[in-house]
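Asks: this one's sequence-less:
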């Protein structure tokens, strides 16, 4: 879940953050200046005389490393939580022609009795012939919803409880050894035990109005056609290249869906340098999330519900939901020290969401903020990130992480 305020505490021996990829040796070297680079572990080494590695040693040879770590934290919406996570990183083939593979798995339990179990993966086979991308989740949780469409200040919250099962898996094949891939996927989501608290009290709610009733269970099962272009130098902290992933999904009743409906997802990211010959990066991110037909309410596009929960800094997960959503974000990344230890970012976002069927994108919901970056590991270019962000009619919120948002 995307937190309003969440700080995860892990052992110093932790690997890259969940869901992150680790740069290859060539990626890392190309992104570093001639000045010797430093990270937090270099600072600790200078203070204590002892070297602590933040992640498993990355050697240019095939194989995945596995690291287990505990995590504890707090989220005002869900309470304190404790859990365990595992991260996978490495190469499934010769590092000279194979992109780094990564994956993460985690489970947590909160003081409000909410359970989360997730597995996400990006695996590249030897020579990048195939790519496997997975998003598997089990959530026993609760979340406020606010109806469909753009944010309206003063909107009432409608608390909902549900259990979610998700299995998304896509297989891509490289086109003649290029960074362009085509793929085929299967997408299944099942919500059960749905409880709409205000509907139980006899009042009208956005959920019951959209669903034309009060179903306690919804299901979507479908297939997808996909394209992927991946040329970034480092998927954790890109300094150049382009990423584009598009997916056209169909959820027919014959495969078990409640209704026949379709979805379109497009994710584009570019990283120009500004100034052109400088070391600072002006990163751009655009995603477009559309539905056609009558998708289940909880499967509709919603802020913070993208695969890695990155969208919409300044808004809590699910605060804005609609039939269609378009999101744009720009972030200027400034390296304060030539050794790469310290950096800052400034970012701004604009999102537009449609509510009623057939309606056009109207009101734009802005967001923005500033952030601090501290190099956690210089080999993989992984940063500790601390962002203070705001959304429309939303209080400032801190977001913590272990890799760039995009």
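Replies: Alright, I've got the coordinates. All of these numbers come straight from a predicted model, not from anything done at the bench.
Asks: Look at the residue sitting nearest the centre point of the chain and tell me its secondary structure.
Replies: By CA atoms, centre = their mean, the chain has its centre lying nearest to residue 308, at 1.8 Å. Per DSSP: H, G, I helix; E, B strand; the rest coil, the local secondary structure of residue 308 is coil.
Asks: and what of the one 10 residues further on?
Replies: Secondary structure assignment for residue 318 (three-state DSSP): coil.
Asks: Would you mind stating the distance between it and residue 210?
Replies: Separation of residue 318 from residue 210 (CB to CB, to the nearest Å): 14 Å. Any C-beta I mention is one placed from the backbone N, CA and C, and that applies to glycine too.
Asks: Who does the residue nearest to residue 138 when sequence neighbours are not counted form a beta bridge with?
Replies: Nearest residue to residue 138, sequence neighbours excluded (CB to CB, 6 or more residues apart in numbering): residue 117, at 4.3 Å. Counting by DSSP bridges, residue 117 is bridged to residue 107, residue 138.
Asks: I'd guessed residue 117 sits against residue 109; true?
Replies: No. If you go by CB atoms under 8 Å, residue 117 and residue 109 don't touch, sitting 9.8 Å apart.
Asks: where along this protein do the helices fall?
Replies: Listed in chain order, the helices found in the chain under DSSP state H are 25-31, 40-48, 197-200, 206-211.
Asks: comparing these, which gets the lowest mean pLDDT score?
Replies: When those are compared by mean pLDDT, helix 25-31 comes last with a mean of 41.
Asks: how far does stretch 334-344 sit from the chain's center?
Replies: 24 Å (CA atoms, centre = their mean, to the nearest Å).
Asks: now the end-to-end length of it.
Replies: 5 Å (CA to CA, to the nearest Å).
Asks: Please point out which parts of that stretch sit buried.
Replies: Within stretch 334-344, the residues that count as buried by 16 or more other CB atoms under 10 Å are 335, 339, 340, 341, 343.
Asks: Averaged pLDDT, it. What do you get?
Replies: Averaging pLDDT residue by residue across stretch 334-344 gives 92.
Asks: Stretch 354-361 too?
Replies: Averaging pLDDT along stretch 354-361 gives 83.
Asks: Can you name the residues in contact with that stretch?
Replies: 147, 148, 149, 150, 322, 323, 324, 325, 326, 352, 353, 362 (CB atoms under 8 Å, 6 or more residues apart in numbering).
Asks: For the residue nearest to the centre of the chain, report the pLDDT, please.
Replies: So residue 308 comes in at 79 (pLDDT).
Asks: Between which two of the contacts of stretch 354-361 is the distance greatest?
Replies: Within those, 147 and 326 form the most distant pair, 18.4 Å apart (CB to CB).
Asks: tell me which helix or strand of the protein sits lowest on mean pLDDT?
Replies: The weakest-scoring helix or strand in the chain, judged by mean pLDDT, DSSP states H and E, is helix 25-31 (a mean of 41).
Asks: residue ranges for the strands of the stretch 301-406 of the chain, please.
Replies: 324-335, 342-354, 364-377, 382-391, 397-401 (DSSP state E, counting those that start in this stretch).
Asks: for the second one, which positions count as buried?
Replies: Read that as strand 342-354. Going by neighbour count (16+ other CB under 10 Å), the buried part of strand 342-354 is 343, 345, 347, 348, 349, 351, 352, 353, 354.
Asks: Residue 63 contacts residue 90, correct?
Replies: Yes. The pair residue 63 and residue 90 qualifies as a contact (CB under 8 Å) at a distance of 5.2 Å.
Asks: Could you check which of these two is surrounded by more residues?
Replies: Taking other CB atoms under 10 Å, residue 63 and residue 90 do not tie; residue 90 has more neighbours (20 against 8).
Asks: For the more buried one, give the beta-bridge partners.
Replies: Counting by DSSP bridges, residue 90 is bridged to residue 64, residue 101.
Asks: Hmm, it is touching residue 101, no?
Replies: Yes. In this structure residue 90 lies within contact range of residue 101 using CB under 8 Å: 6.4 Å.
Asks: gap between the closest residue to residue 121 other than its chain neighbours and residue 354?
Replies: Distance criterion CB to CB, 6+ apart; nearest residue to residue 121, sequence neighbours excluded, is residue 103 at 3.8 Å. When distance is defined by CB to CB, residue 103 is 34 Å away from residue 354.
Asks: do the same with residue 112
Replies: Taking CB to CB as the measure, residue 112 falls 32 Å from residue 354.
Asks: Over to residue 45?
Replies: Distance from residue 45 to residue 354, by CB to CB: 53 Å.
Asks: Same check on residue 125?
Replies: Residue 125 is 39 Å from residue 354, by CB to CB.
Asks: circling back: of the buried residues of strand 342-354, closest to residue 405?
Replies: residue 347 (7.9 Å).
Asks: Contacts only, for the closest one.
Replies: By CB under 8 Å, 6+ apart, the residues touching residue 347 are 313, 329, 330, 331, 332, 368, 369, 370, 371, 387, 389, 405.
Asks: right, and residue 336 touches residue 342 too?
Replies: Yes. Using CB under 8 Å, residue 336 is in contact with residue 342, at 4.3 Å.
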